[in-house]
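K.L.:
sequence and predicted model, in that order:
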Amino acid sequence: ISLAEQMYDFPAFKMLTRDGVNVTVDPVMYYRISNVSKAVYNVVDLTASMEQIVETSLRAILSKMSFAEAEGGGFEKHISEDVVRRLSSVMKQWGITITRLQIQSFMPPKDILAMRHARLLAAQKRDISLKDAQNAVECARLAAERMALEKKAEAEARAVAINIQASAEAK
């Protein structure tokens with residue numbers, strides 16, 4: 001039995017959030033055997049027992065959170081605080097010291113991913129349409145400004161021509 005820090009990569013667990021969203025959570029735990037006799041005699045199957053207690057603890061935390069809270073970082077925050085604290089007391093009886101528990105991936109179901117992708121595409125299309133409309137307004141403003149300048153120039157040219165003609169007739 002190694003007393004060095006070890007990593008256990010759990011299988012991905014499917015879990016439900018408070019609002020009923022089924023997510024896949026893939027945790028990894030770093031631990032150290034601190035008491036060999038407890039690790040050998042106090043637990044029959046250490047890895048199966050670790051899987052069970054980690055899954056149960058993660059479910060307990062996730063079931064109290066909405067999907068938005070969990071995805072927004074709340075789940076990982078609670079893991080670093082609550083789950084490690086819960087696990088530490090139980091695993092201490094097994095001669096195990098947890099150094100950290102991390103979530104490698106937190107995946108929502110495919111329909112939510114597809115909905116997000118559709119929402120992202122819709123937002124991009126909306127932004128493009130808005131930019132096109134802004135460009136059309138700017139083009140119309142510039143065209144109106146150009147026409148006003150042309151009319152002003154024509155009027156000034158006529159005024160100059162009339163002044164020249166009046167000056168010529170006066171002589």
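P.N.:
Good, I have the coordinates.
K.L.:
so how far is stretch 73-83 from its chain's centroid?
P.N.:
16 Å (CA atoms, centre = their mean, to the nearest Å).
K.L.:
what about it, start to end distance?
P.N.:
Terminal residues of stretch 73-83 are spaced 15 Å apart (CA to CA, to the nearest Å).
K.L.:
SS state for the closest residue to Ser34 other than its chain neighbours?
P.N.:
In space, and not counting its chain neighbours, Ser34 is closest to Thr97: 4.4 Å by CB to CB, 6 or more residues apart in numbering. Where C-beta positions appear, they are placed from N, C-alpha and C, glycine not excepted. Following DSSP: H, G, I helix; E, B strand; the rest coil, Thr97 is assigned to strand.
K.L.:
now Leu149
P.N.:
Secondary structure state of Leu149, per three-state DSSP, is helix.
K.L.:
can you list the domains in the protein?
P.N.:
As assigned by automatic domain parsing, the chain contains the domains 6-108, 110-171.
K.L.:
give me the distance between Gly73 and Glu138.
P.N.:
Separation of Gly73 from Glu138 (CB to CB, to the nearest Å): 41 Å.
K.L.:
before we move on, what about Arg119?
P.N.:
Between Arg119 and Glu138 the computed distance is 28 Å (CB to CB).
K.L.:
can you check Met115 too?
P.N.:
Distance from Met115 to Glu138, by CB to CB: 34 Å.
K.L.:
same deal with Glu145?
P.N.:
On the measure of CB to CB, Glu145 and Glu138 end up 10 Å apart.
K.L.:
what of Pro108?
P.N.:
41 Å.
K.L.:
and Glu150, by the same measure?
P.N.:
Per CB to CB, Glu150 is found 19 Å from Glu138.
K.L.:
which residues are in contact with the helix or strand bottoming out on mean pLDDT in the chain?
P.N.:
In the chain, the helix or strand scored least confidently by mean pLDDT, DSSP states H and E is helix 75-78, which has a mean of 74. With CB atoms under 8 Å, 6 or more residues apart in numbering as the test, helix 75-78 has contacts from 25, 61-62, 65, 69, 102-103, 106.
K.L.:
hey, where'd the strands end up in this protein?
P.N.:
6-9, 13-16, 22-33, 96-107 (DSSP state E).
K.L.:
just those strands: most buried one?
P.N.:
strand 22-33 (a mean of 18; mean count of other CB atoms under 10 Å).
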